[in-house]
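Asks: missing the sequence, but the structure's below:
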Ligand SMILES: [Zn+2]
Ligand SMILES: [Zn+2]
């Protein structure tokens, strides 16, 4: 009798767990119903139709911002401390893409990050050692407990089986880049604000790194992160942004 009971207990526990999860999800759905950011349809944050219709971005050179095949940095734009290339997924002019990113950023929506990166993978010709999120200043990150770049990196990491390493820290509070209109001011604003976390200092020599951020606008943040990573011996630095 006792062996009969002990064999079945784990099974019962699984059934109870599944039951609790279903009940929990039903309650959450009732309290916080989900509506598509694109068309408002009830059921999910981003319905299948709107997801399928999101516009992809053209690929650009991360140094000059002009069109480039597969996001490679133009030969004429290459520098010793610069980026090797950039992968951009969606077109930020697309209204649904904008809404999706706002929802991730201001709604702290981790599920949405996974929704929007469903099945995403890419080919850059490099085998990366790590994904490195562009850090937010700790005031901003602590207030929200959420860095969208890190969430994107974690979701991509699951798809391509490359680990996420929090190599970079932001040391100073800067003006929000979106408040500065020209490229020179944006570059100046982020100059010297990133540093390598102490525990990674001796680990970056020869490493191939994929920097991750939500939106690539002027690219000043990514280029400054690249300069710092190169200074610690990284040999390849590409960027990945959800949108441009
Ligand atoms: Zn929709
Ligand atoms: Zn270029």
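Replies: That came through fine. None of these values were measured; they are calculated from a predicted model. Ligands and ions are numbered 1, 2, ... in the order given.
Asks: Does the helix or strand containing residue 209 pack against any helices or strands, and if so which?
Replies: In the assignment (DSSP states H and E), residue 209 maps to strand 208-215. Contact here means 3 or more C-beta pairs under 8 Å, 6 or more residues apart in numbering; DSSP states H and E; on that basis strand 208-215 packs against helix 95-107, strand 130-133, helix 148-160, helix 220-231, strand 236-243. (Each C-beta comes from the backbone N, C-alpha and C, glycine too.)
Asks: Now for this protein, the helix or strand with the poorest mean pLDDT.
Replies: helix 138-144 (a mean of 59; mean pLDDT, DSSP states H and E).
Asks: could you give the angle of the strand holding residue 209 to helix 95-107?
Replies: Strand 208-215 runs at 100 degrees relative to helix 95-107, counting by axes from the mean of the first three to the mean of the last three C-alpha atoms, to 10 degrees.
Asks: Next SSE downstream of the longest helix along the chain?
Replies: Secondary structure of the chain read by DSSP state H shows that its longest helix is helix 2-31. Remark: after helix 2-31, the chain's next helix or strand is helix 48-53, criterion DSSP H and E.
Asks: what packs against the very next helix or strand once past that next one?
Replies: Heading C-terminal from helix 48-53, the first helix or strand you meet, by DSSP H and E, is strand 85-90. Counting contacts by 3+ C-beta pairs under 8 Å, 6+ apart, strand 85-90 is packed against strand 236-243.
Asks: roughly how far is the strand it packs on from the heart of the chain?
Replies: 9 Å (C-alpha atoms, centre = their mean, to the nearest Å).
Asks: average model confidence for it?
Replies: Strand 236-243 carries an average pLDDT of 97.
Asks: hmm, back to that, pLDDT of the longest helix of the chain, averaged?
Replies: Per-residue scores along helix 2-31 average to 71.
Asks: Could you give the number of residues near residue 43?
Replies: Here the count is done by other C-beta atoms under 10 Å, and residue 43 has 11 residues near it.
Asks: Test my guess that it contacts residue 34.
Replies: Yes: Residue 43 sits in contact with residue 34 when judged by C-beta atoms under 8 Å, with a separation of 6.3 Å.
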